[in-house]
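Participant: predicted model follows, preceded by the sequence.
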Amino acid sequence: MSEVSGSKFRSIAFGMAVASAALSGTACVPPGGGPGCTDTVLTIQPGTPGNTPASYPASGWWSADTRTNGTVELSADLAAPPGFGCKSAKLTTGAATGSPLQDKAQLFNFSVANTGTLLTSINTISYWANRSSGGPAATVALNVQITGTGVPTGFATLVCEPYNQSGGQGAIVNGTWQYWNATAATPGDGLWWATKILSGSGSQGSPMTWAAFQAAYPLAEIGGYGLNLGSNNPNIVAAADGMQFGATTTDF
């Protein structure tokens, strides 16, 4: 794993060049792994660094709320998008979705570089995703935990899912690396929902833009951020890479 500093929820074809891909300066030789792979070793730590936001920050990437039938690993199985080495973060769910073991896979970061910073200071979030199997709606989504003044109950998770964007479910193509811009300002794109809003604007049924959440919670702080797959979405195999969060881009 390497992290570098850097600089529309809309999919972009695998072969197109994007600024984030150029940042890492790595190449996949040969595609899919093997000798010549330039990925840096990353250890996924189990669970979270603590049970409350007061225990943050902690460095590294964590499996967080990955449940019994879900998996998260670094793998060359689905290769990586252009410029991001040979491996990517592979997330899967199994066949079982019923409570209490709803399949779910997460990969979360609680880095000191971002946790505790104001929500209003993060204006760029994007990533690449590749769904190998499953559907039609689910693929790797983004989660951002927020805490503090003005946040319902003091803690909430903001969720950005590709199927909620202007292209709908049809924009998610199996077996293809697609680029998603979670802070896009184009109509119908860059939409998020909050776990603590059950109806109306900002709920899962009526998502809002990132800018709208920044305006709604100007004093909210980042508690953690990362990738999520599930729950209630069985038999999904997907991967993600090149995640940009503010000034940090991560090559898995």
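Facilitator: Alright, I've got the coordinates.
Participant: least confident secondary structure element in this structure?
Facilitator: Lowest by mean pLDDT, DSSP states H and E among the helices and strands of the chain is helix 19-24, with a mean of 28.
Participant: helix or strand right after that one?
Facilitator: Once helix 19-24 ends, the next helix or strand along the chain (criterion: DSSP states H and E) is strand 44-45.
Participant: direction included, what does that next one pair against?
Facilitator: If you go by DSSP bridges, strand 44-45 pairs up with strand 61-62 (parallel).
Participant: CA atoms only: put the helix or strand following the strand it pairs with into CSV for me.
Facilitator: The helix or strand immediately downstream of strand 61-62 is strand 71-75, counting by DSSP H and E. Output of strand 71-75 as CSV, limited to C-alpha atoms (Å, rounded to 0.1, in the frame of the first residue of the first chain):
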residue,chain,number,x,y,z
THR,A,71,-14.2,-11.4,3.3
VAL,A,72,-11.7,-8.6,2.7
GLU,A,73,-8.2,-9.1,1.4
LEU,A,74,-5.6,-7.7,-0.9
SER,A,75,-5.5,-9.8,-4.0
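Participant: elements contacting strand 71-75?
Facilitator: Packing contacts for strand 71-75, counted by 3 or more CB pairs under 8 Å, 6 or more residues apart in numbering; DSSP states H and E, involve strand 44-45, strand 88-92, strand 104-109. Yep, even glycine has a C-beta here, placed from its N, CA and C like the rest.
Participant: what angle do the second one and strand 71-75 make?
Facilitator: Between the axes of strand 88-92 and strand 71-75, defined by axes from the mean of the first three to the mean of the last three CA atoms, to 10 degrees, the angle is 150 degrees.
Participant: tell me how far strand 88-92 is from the chain's mean position?
Facilitator: Computed by CA atoms, centre = their mean, to the nearest Å, the chain-centroid distance of strand 88-92 equals 11 Å.
Participant: who touches that strand?
Facilitator: 70-81, 105-107, 128, 130, 140, 227, 229, 236-241, 252 (CB atoms under 8 Å, 6 or more residues apart in numbering).
Participant: now the shortest one
Facilitator: Among residues not part of strand 44-45, those counted as contacts by CB under 8 Å, 6+ apart are 60, 61, 62, 63, 72, 73, 74, 107.
Participant: all helices of the stretch 101-250 of the chain, in order?
Facilitator: Ranges of helices in the stretch 101-250 of the chain, per DSSP state H, counting those that start in this stretch, are 210-216.
Participant: in the protein, where is pLDDT below threshold?
Facilitator: Scanning the chain with the threshold set as pLDDT under 70 gives 1-41, 50-58, 96-102, 112-115.
Participant: just the buried ones among the contacts of strand 44-45, please.
Facilitator: Using 16 or more other CB atoms under 10 Å as the burial test, these include 61, 62, 63, 72, 73, 74, 107 as buried.
Participant: measure the nearest residue to residue 209 once chain neighbours are set aside to residue 250 for me?
Facilitator: Distance criterion CB to CB, 6 or more residues apart in numbering; nearest residue to residue 209, sequence neighbours excluded, is residue 190 at 5.3 Å. Distance, residue 190 to residue 250, using CB to CB, to the nearest Å: 20 Å.
Participant: which of the two has more residues huddled nearby?
Facilitator: Between residue 190 and residue 250, residue 190 has the larger neighbour count (other CB atoms under 10 Å), namely 27 against 24.
Participant: dump the residue contacts of the more buried one.
Facilitator: Neighbouring residues of residue 190 by CB under 8 Å, 6+ apart: 8, 9, 160, 165, 181, 182, 183, 184, 209, 210.
Participant: okay, these in a markdown table with distance to residue 145 next?
Facilitator: Below are the contacts of residue 190 laid out as a markdown table (distance: CB to CB, whole Å):
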| residue | distance to residue 145 |
| --- | --- |
| 8 | 24 |
| 9 | 20 |
| 160 | 13 |
| 165 | 21 |
| 181 | 21 |
| 182 | 15 |
| 183 | 17 |
| 184 | 21 |
| 209 | 19 |
| 210 | 15 |
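Participant: since that was my last question, I'll sign off now.
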